[in-house]
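In: below are the sequence and a predicted model for it; my questions follow.
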Amino acid sequence: MGKGKSGDGERNGLKSSFAAGVAALVFLVIGYQAALFIHKASVLRILERKDAPDTVFVIDKALAESILKSVPGENQVQTQSVRGREVCVVRKKTSHEPEVEAVRQKALPRSVENFNFNPNTVSVADLVRLGFSERQAVSIDNYRKKGGVFRRRSDFAKSFVVADSVYARLEPYIDIPLIDLNAADSADFDRLPGIGGYFAARMVEFREALGGYYSYKEQLMDIYRFDREKFDALSDLVTVSAGNVRPYRLWSLPADSLRLHPYIGSYAARGIVLFRENNPPAMWTVEALDEAGVLKDGMAEKLSRCRIAPPATD
């Protein structure tokens, strides 16, 4: 009999504990819902008060201008005609606590803009204008500060804060300038995929050997160990702007300067000078140099693709 009474007591205790737990849970849910309701009501009240004009005056225009000179704060002034008399409607806007303004900015729907931007240089403020939250915009900026680079539009889509729907909207507006081979420095080249410090330096050196300018981007493959695979990995990221190319002075440079060109060399440099001395300017062409055996095999094709200054005429 003792055991039966003890078991009943334990069961009754468990039931009481369960009931107390359920009651506590119910009160917790009710309290949470009440808190949400109060919070929502408070936010709506803040927004309502903010959106309404603080004070409104309808006064004579001359008097309004006189009074507003001594009244601090931001005011909205509208001029209108009432019964043939020009009057002013002045809406006084008072300042609000930062906490109130924070609630307003968070609760109100943000306007989203679309405009051309470079994800490597766009400001945090403009990222917010594009539709990102402040936290997302700062995250993108921190990625850049750590050395991150968006080389292609698709790179921006890979950022974990850029949703697919956001990228679909912004993709037409992403504007990442191509790297001009004749305007870039070694640091610009270093940021290209698969380049690094070694090839960045070689790209600058080769440009100087060409006379200071690339004529076409495929010339990169004439750099030692710069193969087709490396070129294909970056060819869509670089360009040669015609405005940044100065024609090579093939028909006026001395042999000491000509020999430095990668398509000429010492032997051809002396041959070019002799060719100029023994032929009239009308015959000075890359094809004529090739036919005369001045250039090495394959160099005429490469040299003919370069921008070359025409022979000087007297």
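Out: On my side now, so go ahead. Because the structure is predicted, anything quoted here is derived from the model rather than measured.

In: you'd agree C306 is up against V245?
Out: No - using Cβ atoms under 8 Å, C306 is not in contact with V245, being 9.1 Å away. (Glycine included, C-beta is placed from N, CA and C.)

In: overlap of the contact sets of the two?
Out: S215 (Cβ atoms under 8 Å, 6 or more residues apart in numbering).

In: which residues touch stretch 282-295?
Out: Contacts for stretch 282-295 (Cβ under 8 Å, 6+ apart): 250-251, 263-264, 268, 271-272, 275-276, 279, 300, 303-304, 308, 311.

In: end-to-end on that stretch?
Out: 19 Å (Cα to Cα, to the nearest Å).

In: now it: average pLDDT?
Out: What stretch 282-295 shows for mean pLDDT is 95.

In: just to revisit the earlier point, who wins for neighbours among the contacts of stretch 282-295?
Out: I264 (26 neighbours; other Cβ atoms under 10 Å).

In: report how many residues lie close to the closest residue to that residue other than its chain neighbours.
Out: The shortest distance from I264 to any non-neighbouring residue, by Cβ to Cβ, 6 or more residues apart in numbering, is to L258 (5.2 Å). The number of residues packed near L258 is 22, by other Cβ under 10 Å.

In: pretty sure R246 contacts Y214?
Out: No - R246 is not in contact with Y214 according to Cβ under 8 Å; the separation is 11.0 Å.

In: of those two, who's got more company?
Out: Neighbours were counted for R246 and for Y214 using other Cβ under 10 Å; Y214 has more, 23 against 11.

In: doesn't the more buried one fall inside a helix?
Out: No - per DSSP: H, G, I helix; E, B strand; the rest coil, Y214 lies outside any helix segment and is coil.

In: quick one: it and N182 touch, right?
Out: Yes - the pair Y214 / N182 is scored as a contact, 5.8 Å apart, by Cβ under 8 Å.

In: what's the lowest-pLDDT member of the contacts of stretch 282-295?
Out: P311 (91).

In: quick check: mean pLDDT across stretch 148-165?
Out: pLDDT averaged over stretch 148-165 gives 93.

In: which outside residues touch it?
Out: In contact with stretch 148-165 (Cβ under 8 Å, 6+ apart) are residues 119-120, 132, 136, 139-140, 143, 167, 170-171, 174, 176, 191-193, 236-237.
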